[in-house]
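How does the following fold in three dimensions:
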Amino acid sequence: MHIIIYLLLGIIGLIGIFLIIALFSRKNYGVQEEITIQLPSNEVFDYLKHLTNQEQFSKWVMTDPAMKKTLTGVDGTIGFIYAWDSQNKQAGAGEQEIMGLEPSKFIDVEVRFLRPFKGIAKTPFTIQALNENETRVIWGMSSKMAYPMNIMLLFKIENILAKDLKESLNNLKVILEK
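Next up is the predicted model:
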């Protein structure tokens, strides 16, 4: 009987320690990855501005090909919303919206997660012409995690996100350089 009480007290103590650590931990995070693509910047921009093209290269969008998708507005224009709803816990539910476009230079995208947890992230694409037929694409993600979910930042979630961004950019390169 004493062992069970000590075990329960230990578990409660560990949970308490994690909650206290989360109180003093950072809540913001940001990652970005880049790749060079052998195409003019206008062609890269014209492909990336269409959020539905992410179905071909984004690791996150490709998590569940059977997810329900709802498209609102005109893809490739400010205000277009790509919403998804999946029973797959890794895909969850949410939507992404084109918030701004600067031709051949920048695509401002906001992602609003609904499930498995709520959150808002900025996931912009920066397109830089290196020369006439070579373009650097930088894809970033930044957000804030509410208490106590911010405890996940201690476990280097940025490394996982960066790996996923890099994999997606490699997919993009393969598609665009065909």
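
OK, contacts around the residue nearest the centre of the chain?
Geometric centre of the chain, nearest residue: residue 141, 5.6 Å, by Cα atoms, centre = their mean. Shown in contact with residue 141 (Cβ atoms under 8 Å, 6 or more residues apart in numbering): 30-32, 121-123, 161, 165. Placement of C-beta: from N, CA and C, glycine included.

The same query, at a cut-off of 7 Å, please.
30-31, 121, 123, 161, 165 (Cβ atoms under 7 Å, 6 or more residues apart in numbering).

what's the neighbour count on the closest residue in space to residue 152 that isn't next to it in sequence?
Nearest non-adjacent residue to residue 152, counting by Cβ to Cβ, 6 or more residues apart in numbering: residue 145, 6.6 Å away. When neighbours are counted by other Cβ atoms under 10 Å, residue 145 registers 20.

ditto for the one 4 residues further on
Neighbour count of residue 149, defined by other Cβ under 10 Å: 14.

In contact with it, which residues?
residue 117 are the contacts of residue 149 under Cβ under 7 Å, 6+ apart.

Mind pulling the model confidence for it?
Here the pLDDT value assigned to residue 149 is 81.

Check the gap between it and residue 70 for me.
26 Å (Cβ to Cβ, to the nearest Å).
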